[in-house]
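Sequence and predicted model, in that order:
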Amino acid sequence: MRGTGAPALPSPSVERLRLLFLTVAAGSLFGGYWFLVLVQDGWSGRNRACGALPGIEDFLDCSTRTLVLQALAPLAGPALVALLAVSAYLVAPAVITRWHGAHPLDPWPEAVRETVEQAGFDRTPTLMLSGRGLPLWMFTYGRRPRYRVMLSAGTSLYTVTDTAKVTATLAHEFGHLRNRDVDRTYLAVFAVACLALVTIVPVGLSALLVTDRAPAFAVTWRNLVLALLVASSWAAVVRTREHDADLWGGDLRPGDMLALLTGGRQEHRHLLRLHPSLERRLKVLRDPDLLLRPSAVEA
């Protein structure tokens, strides 16, 4: 397990987030080019108007302006995705709190208080108690500097029946805060969702309406590759941030974290697994250098 000091290199989840944001930017640029350049009839009219000008200088000025506009128009795609993602990120904490019918946890159980004090935050996150469900689960949300940790309604009960599981889970969530990945991850979530709404789905539907099969096929397979790249990059980000949080949590509560991963419940297998296996998490907890080796899919 690594020490509590700042790592010398950026955490692997940061590198994968950069890859994800670059992929989202490129994908939204592709969408902007498709909708604002390729399927627009106005560009041919602009070019014909330039060709009708009598002087060579007038023609060159006109054609240059048209080329510049064609180059700038696709930037509307990344700008729109960024605007929607940031807007969703800003309103998310209030929406999440209301959705869960949550209120601040008061009073704190002793095990929770001990873990919070041990974490040594400069500004303690607000612990919220959800009105939904009894099984033990937690997640971090909020915006800097007002972060929150959502606890399930059964947390108080679990502090009596299984204290180690509560402290380990809480230490893991504090790991997300200490690794400063909460803001980045929520921005990534909304960036991917907005890319799907603005580019992937609309481009796919638009390609179906194109009568010329050749460009429709060319755009469709590129759109599918884009969706695959975004999904695989997003999965890599989420899986790696779990490892980062495990390492920070392991520094805070080493015995409890090992017990949690040893006797925990594995996530069900889906087409896109968003959490690493418990076996893999245990290996990384014991040997953090494994995070520096990307998997074949990530590579």
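Perfect, thanks for sending it. Numbering: from 1, shown residues only.

Let me see the ranges of the strands in this protein.
Secondary structure of the chain (DSSP state E): strands located at 103-104, 126-129, 138-143, 146-151.

what's the most buried one of the ones you listed?
Mean neighbour counts were taken over the strands of the chain using mean count of other CB atoms under 10 Å, and the top value, a mean of 21, falls to strand 146-151. C-beta coordinates here come from the backbone N, C-alpha and C atoms, glycine included.

now the farthest one out in this structure, which residue is it?
What lies farthest from the middle of the chain is P54; by CA atoms, centre = their mean that is 53.6 Å.

Show the backbone phi and psi for that one.
Comment: the main-chain dihedrals of P54 come out as phi -70, psi -40, following degrees, to the nearest 10.

For the stretch 51-200 of the chain, give me the ranges with low pLDDT.
Along the stretch 51-200 of the chain, the parts satisfying pLDDT under 70 run over 134.

can you pull out the helices in it?
Per DSSP state H, counting those that start in this stretch, the stretch 51-200 of the chain carries helices over the ranges 56-72, 76-99, 110-119, 155-161, 163-178, 182-195.

Out of those, flag the one nearest A227.
Taking CB to CB as the measure, those were each checked against A227, and helix 182-195 came out nearest at 9.1 Å.

Quick one: distance of that closest one to the chain centre.
What separates the centre of helix 182-195 from the centre of its chain is 4 Å, taken as CA atoms, centre = their mean, to the nearest Å.

hmm, back to that, closest to V219 out of the strands of the chain?
Each of these was scored for nearness to V219 using CB to CB, and the closest is strand 138-143 (36.5 Å).

between that closest one and helix 163-178, how many degrees?
For the pair strand 138-143 and helix 163-178, the angle between their directions (axes from the mean of the first three to the mean of the last three CA atoms, to 10 degrees) equals 30 degrees.

Which neighbours in the sheet does strand 138-143 have, and how are they oriented?
strand 146-151 (antiparallel) (DSSP bridges).

and the spatially most central residue of the chain, what is it in contact with?
For the chain, the residue nearest the mean C-alpha position is A188 (2.9 Å; CA atoms, centre = their mean). By CB atoms under 8 Å, 6 or more residues apart in numbering, the residues touching A188 are 17, 20-21, 234, 237.

what's the most distant pair in those residues?
Pairwise distances across the contacts of A188 (CB to CB) peak at 10.7 Å, for the pair F21 and W234.

Give me the more crowded residue out of these two.
Here F21 and W234 are set side by side on neighbour count (other CB atoms under 10 Å), and the busier one is W234, at 23 against 19.

I figured the more buried one hits L19, correct?
No - at 10.0 Å, W234 does not count as touching L19 under the criterion of CB atoms under 8 Å.

And for A73, the neighbour number?
Applying other CB under 10 Å, I find that A73 has 16 neighbouring residues.

should've said C194
Neighbours of C194 (other CB under 10 Å): 21.

which residue sits closest to it in space, ignoring its chain neighbours?
Taking CB to CB, 6 or more residues apart in numbering, and ignoring the residues beside it in sequence, C194 has L84 as its nearest neighbour in space, at 4.2 Å.

so the one you found makes contact with A196?
No - in terms of CB under 8 Å, L84 does not count as a neighbour of A196; the distance is 11.0 Å.

In the chain, spot the helix with the most residues.
Using DSSP state H to assign secondary structure, the helix with the most residues in the chain is helix 213-252.

average pLDDT across that helix?
Confidence over helix 213-252 (mean pLDDT, whole number) is 87.

count of neighbours near the closest residue to P145 other than its chain neighbours?
Using CB to CB, 6+ apart and skipping residues adjacent in sequence, the residue nearest P145 is R123, 5.4 Å away. When neighbours are defined as other CB under 10 Å, R123 has 10 of them.

Make 43 the starting number, not 1.
All set: I'll call the first residue 43, so the last point we hit is now R165.
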